[in-house]
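Novice: attaching a predicted model along with its sequence, questions to come.
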Amino acid sequence: QVQLEESGGGLVQTGGSLRLSCAVYGRAFSIFTMGWFRQAPGKEREFVAGIIWNVNNTYYADSVKGRFTISRDNNKNTVYLHMNSLKPEDTAVYYCAGGPRIATTPKEASTWGQGTQVTVSS
């Protein structure tokens, strides 16, 4: 059993930065990839960024390339999402997700955190 817990959301102005954290509890060794998704009001959940845990390969949605960075700390079993140059359209609930395969759609992820709100004011 794996549990994920996000933290670090909040309110920030346009152009600002935030760092989200996702702590992995339980059978962390079973995780192959970790990722971040987000869901804005009235919209479907969408992929943001992912990382292959053991080899540190990363991949991003086009909308966040160059602004967001995903990283992981093996010692802390934690994944981070560093968000820079934030825009109002980045406002959403951000979810951490993990599983045994690469997931760029919500249905491909097997384990989810509870989500953390990010609000970017204009």
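Specialist: It's in. What you see is a predicted model, and the numbers here were worked out from it, not measured in a lab. Numbering: from 1, shown residues only.
Novice: going by C-alpha atoms from here, please, whenever you check contacts or count neighbours.
Specialist: Fine.
Novice: quick one: which helix or strand includes the residue nearest the centre of the chain?
Specialist: Residue closest to the average C-alpha location in the chain (Cα atoms, centre = their mean): W36, at 2.3 Å. Element membership of W36 [criterion: DSSP states H and E] is strand 33-39.
Novice: what helices or strands is the helix or strand following that strand leaning on?
Specialist: Scanning forward in sequence from strand 33-39 by DSSP H and E, the next helix or strand is strand 46-52. Packing contacts for strand 46-52, counted by 3 or more Cα pairs under 8 Å, 6 or more residues apart in numbering; DSSP states H and E, involve strand 33-39, strand 57-60, strand 68-73.
Novice: which residues touch T116?
Specialist: E6, S7, G8, G9, V93, Y94, Y95 (Cα atoms under 8 Å, 6 or more residues apart in numbering).
Novice: tell me the bridge partners for it.
Specialist: In this entry, T116 is beta-bridged to Y94, by DSSP bridges.
Novice: and it, how far from G66?
Specialist: According to Cα to Cα, to the nearest Å, T116 and G66 sit 22 Å apart.
Novice: go on, I31?
Specialist: Distance, I31 to G66, using Cα to Cα: 26 Å.
Novice: between the two, which has more neighbouring residues?
Specialist: For I31 versus G66, neighbours defined as other Cα atoms under 10 Å are more numerous around I31 (19 against 11).
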